[in-house]
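>>> any chance you can model this:
(chains A and B, ligands or ions: 3)
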Amino acid sequence: MTEEFFTGNRAAAEAAKLSRTQVVAAYPITPQTSAVEYISQFINNGEMKANMIRVESEHSAMSACVGASLAGARTFTASSSQGLQLMSEVLYFASGMRVPTVMGIANRTLSMPVNIWADHQDSMVNRDSGWIQFYCANAQEVLDNIIQAYKICENEKVLLPAMVCYDGFIISHVAERMDVLTQEQADMFLPEPNGSNRPLLDPKEPLQFGEVVYPDWYPDFEYKKHKALLESRETILEVAREYNELFDRSYGLVENYLTEDADIVFMGLGSLTSTTHWVVNELREKREKVGVLKLRVYRPFPDKEVIETCRNAKVVAIIDRDIGYGTTGMLYPDVTRALYPLDERPKCLNFIVGLGGKDVTPETIMNIYKISERALKGEEVDTVNWPDARIYD
Amino acid sequence: MTKKTKIKDLTDEEFLHYGSLSCAGCGAILAFRHVLKALGENTIVINSTGCMAVVMQMAVPKIPYFHVLFENGPAVMSGVEQALDILGKRDDANLLVVAGDGGTADIGMGSLSGAVERGHDFIYLCYDNESYMNTGGQRSGTTPFGAATSTTPVGSVIKGENRPMEMRKDVPEIMIAHNTPYVATASIGYPLDLIDKVKKAATIRGPSYIHVFSSCPAGWRSEPKDSVKLAKLAVQTGFIVLFEHEDGKRTFQHLPKKRKPVKDYLELQGRFQHLLEDRETIEKMEEFVEKRLEWIQR
Ligand SMILES: Cc1ncc(C[n+]2csc(CCOP(=O)(O)OP(=O)(O)O)c2C)c(N)n1
Ligand code: SF4
Ligand SMILES: [Mg+2]
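Residues are numbered from 1 along each chain as shown, chains lettered A, B, ... in the order given. Ligands and ions are numbered 1, 2, ... in the order given. Now for the predicted structure:
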């Protein structure tokens, strides 16, 4: 392990290198760009034995990753925002072909209006594309999640692609102290790339891929894909245990902080959960019973863990850094659906914050707390709140 | 061209299984059959969405075959080629992308242009039936002037495809402009010429592009029995010019010594029936064909 001072994008590039990725196909977009530039440098300096395909679009980036995966290589790409949307058709293609490719996403909102800063709109709208989704709260997690993702995705029980999402600029461009595995350590954890546990494009064993499936059989295929994604949670946990044993860094599907006796549980994805941690510490000093649940894995959705954490809470403050226009934030319905079967449900409030890179400050979280506290006292409050937007009524 | 293939040189082995779902008289499937015979079983096929991808289901059991999306064949192949390269298996197989005119000239143009510009080592085969047939025969960037399609119908005001004659998208010329090492045009009316060109392409390092004129009875409203005849007539009337382009030089094949009148070609197809009595337009077409023949042999 070496101690480094790396940005999230650098961490993503280091993870691709440590994972011995063989084919990288990517197209630049702010804020992902420097991840791809680092990889280009590694390859051109001979530090990484991989082929880099400088494609002409993100649609082609993902297409090339699928082709390279089916030819037997370990593949990586990274993208953001508009790039991810352009790739959207190919995301379903990738998961349908069951290719274990890994993609870093430096989260950024979607135009229009134009804005290059962080929110989760880009990855959230693609949450149902059959990919595993990880959300990171710092650069260390970017590195650890990407390396683990290969081991998870390539497991023959899973064979699905994964997105490792980290907030644009906030994580992608801020250098932090972190521990980086040595190549020997990474090799100890992650076996050499080897496509032999999945069907490949090989003239010696000709197979037909991408055929039409008629209605009578279509649901069977869909069910298998869905089940593989649902059940990947076990592989995710197994891989996390191995990682922890080797490198002493513990991961689960979710991370709970002081939630055990909490009346109010804050829940969210990405870097804003670190800010929430800080606010929880402040509030605990004042003996307020609050805690935070960070979702590390958003797909498959960790129903069991969310229920476990929230069942004794009185109020759950679901913080979305995205908006499902015409309804609520996108995390909110996932959580309320998971909690619905409980006989006694906590009050679930939704907070839309940090859109287009608006800083999610301790004050923002404190405002979320104040509204939640009013609900805790039995006051009527709005279900969906926009605590950091100017509301013109 | 080095060695010319003769009929007796052709292998009896079929790589396309009996019972593919194409229409009777389909030119594209004929092209595909010949191309696979030329390349043999040591080939990986990436097929963009279109008629061939639908009729090909389970029809090429001896060859690894991947039906991809409509517009991403060349991008998928870029990945395949780079993966084989890093795995040390690049020389193990011929890499072939097959796509229609829509998948090539229109929605897949960016993907093709990118893959060719990056210099990947693969053969791209466009079968041009001059329309989007898989979706029922809509106009594409290669639909010729005057042709009736479902989105350029013969109405009481506008009759068929009406963009200027010379504006039809000319993909082989676009590929030449990319400095593609090998660009050729072919027609299913001249299968041995097609086979020669595919074999040649297989020896090229880097990308090669072959554009095959492929009759389509369903879309052109022609008789299945006339498919081969039409594919020859297109060449004999000068509508289609067969050539190879390599090292900056163009050589021609089956160039008509005495060009047949374009009407011979038009009258066998329902899609041009409304033009047959339109003397002025037919004259313009003759002029256009003459000018283009002159230009291409400049
Ligand atoms: C992104 C996308 N848009 C549209 C379609 C619908 N579509 C499928 S095949 C096709 C036309 C194919 O035309 P062409 O490439 O000429 O092949 P042909 O069907 O003529 O063989 C269309 C429009 C699609 N599959 N994907
Ligand atoms: S519609 Fe045309 S191209 Fe498609 S299968 Fe029929 S004849 Fe062939
Ligand atoms: Mg077509």
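
>>> just the pLDDT at the most far-flung residue of chain A relative to its centre, thanks.
The outermost residue of chain A relative to its centre, with distances by C-alpha atoms, centre = their mean, is residue A:204 at 37.4 Å. At residue A:204, the model reports a pLDDT of 94.

>>> how many other residues sit next to the closest residue to residue A:314 other than its chain neighbours?
Closest residue to residue A:314 apart from its sequence neighbours, by C-beta to C-beta, 6 or more residues apart in numbering or on different chains: residue A:263 at 4.5 Å. The C-beta positions use only the backbone N, C-alpha and C, and glycine is treated the same way. The tally of other residues near residue A:263 (other C-beta atoms under 10 Å in any protein chain shown) stands at 16.

>>> mind checking how far residue A:263 is from residue A:365?
Between residue A:263 and residue A:365 the computed distance is 16 Å (C-beta to C-beta, to the nearest Å).

>>> stretch B:43-57: end-to-end distance?
When the termini of stretch B:43-57 are compared using C-alpha to C-alpha, to the nearest Å, they are 17 Å apart.

>>> so does that stretch get close to ligand 2?
Yes. Using C-beta under 6 Å from any ligand atom, stretch B:43-57 reaches ligand 2 at B:51, B:55.

>>> and the strands in the stretch 201-350 of chain A, which stretches?
A:208-209, A:254-257, A:264-268, A:290-295, A:297-299, A:315-320, A:347-352 (DSSP state E, counting those that start in this stretch).

>>> including mean pLDDT, mean neighbour count and distance to residue B:165, could those strands go into TSV?
Output for the strands of the stretch 201-350 of chain A, formatted as TSV (pLDDT from 0 to 100; neighbours: other C-beta atoms under 10 Å in any protein chain shown; distance: least, C-beta to C-beta, whole Å):
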stretch	mean pLDDT	mean neighbour count	distance to residue B:165
strand A:208-209	95	18	41
strand A:254-257	98	18	65
strand A:264-268	98	28	61
strand A:290-295	98	26	60
strand A:297-299	98	24	53
strand A:315-320	98	26	56
strand A:347-352	98	22	56
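
>>> looking at the chain, which helix or strand is least sure?
Answering for chain A, as no chain was given. Ranked by mean pLDDT, DSSP states H and E, the weakest helix or strand in chain A is strand A:208-209, scoring a mean of 95.

>>> wait, chain B was what I had in mind.
That would be, for chain B by mean pLDDT, DSSP H and E, helix B:51-55 at a mean of 92.

>>> close to chain A, is the helix or strand just after that one?
Remark: after helix B:51-55, the chain's next helix or strand is strand B:65-67, criterion DSSP states H and E. Yes. Counting by C-beta under 8 Å from any C-beta of the partner chain, contacts between strand B:65-67 and chain A involve B:65-67.

>>> could you pull up the mean pLDDT of strand B:65-67?
For strand B:65-67, the mean pLDDT works out to 97.

>>> who's in contact with it?
Applying C-beta atoms under 8 Å, 6 or more residues apart in numbering or on different chains, the contact partners of strand B:65-67 are A:67, A:70, A:201, A:206-211, B:44-47, B:49, B:53, B:56, B:76.

>>> other SSEs contacting the least confident helix or strand of chain A?
strand B:65-67 (3 or more C-beta pairs under 8 Å, 6 or more residues apart in numbering or on different chains; DSSP states H and E).

>>> so how far is the strand it packs on from its chain's centroid?
Offset of strand B:65-67 from its chain centre (C-alpha atoms, centre = their mean, to the nearest Å): 19 Å.

>>> so what are the sheet partners of it and their directions?
Each strand paired with strand B:65-67, and its direction, by DSSP bridges: strand A:208-209 (parallel), strand B:43-47 (parallel).

>>> just give me how far the shortest one sits from the chain centre.
Between the mean C-alpha point of strand A:208-209 and the mean C-alpha point of its chain there is a distance of 30 Å (C-alpha atoms, centre = their mean).

>>> measure the closest residue to chain A within the stretch 151-298 of chain B to residue A:58 for me?
At 12.2 Å from chain A, residue B:178 is the closest residue in the stretch 151-298 of chain B, using C-beta to the nearest C-beta. Using C-beta to C-beta, residue B:178 is found at 22 Å from residue A:58.

>>> comparing those two, which residue is more hemmed in?
Counted by other C-beta under 10 Å, residue B:178 and residue A:58 do not tie: residue A:58 has more neighbours, with 27 against 16.

>>> do I have it right that that one meets residue A:84?
Yes. Assessed by C-beta atoms under 8 Å, residue A:58 is found in contact with residue A:84 at 7.0 Å.

>>> for the single nearest residue of the stretch 51-200 of chain B relative to ligand 2, what are its contacts?
For the stretch 51-200 of chain B and ligand 2, the shortest gap (C-beta to the nearest ligand atom) falls at residue B:51, measuring 3.2 Å. By C-beta under 8 Å, 6+ apart, the contact list for residue B:51 reads B:22, B:26, B:28, B:100, B:129, B:133-134.

>>> point out the least confident member of these, please.
For the contacts of residue B:51, the pLDDT minimum is residue B:22, 93.

>>> go ahead and confirm it touches residue B:55.
Yes. Under the criterion of C-beta under 8 Å, residue B:22 makes contact with residue B:55 at 4.2 Å.

>>> could the strands of the stretch 201-350 of chain A be laid out in JSON lines, adding distance to ligand 2?
Formatted as JSON lines, the strands of the stretch 201-350 of chain A follow (distance: least, C-beta to the nearest ligand atom, whole Å):
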{"stretch": "strand A:208-209", "distance to ligand 2": "18"}
{"stretch": "strand A:254-257", "distance to ligand 2": "52"}
{"stretch": "strand A:264-268", "distance to ligand 2": "52"}
{"stretch": "strand A:290-295", "distance to ligand 2": "48"}
{"stretch": "strand A:297-299", "distance to ligand 2": "39"}
{"stretch": "strand A:315-320", "distance to ligand 2": "47"}
{"stretch": "strand A:347-352", "distance to ligand 2": "50"}
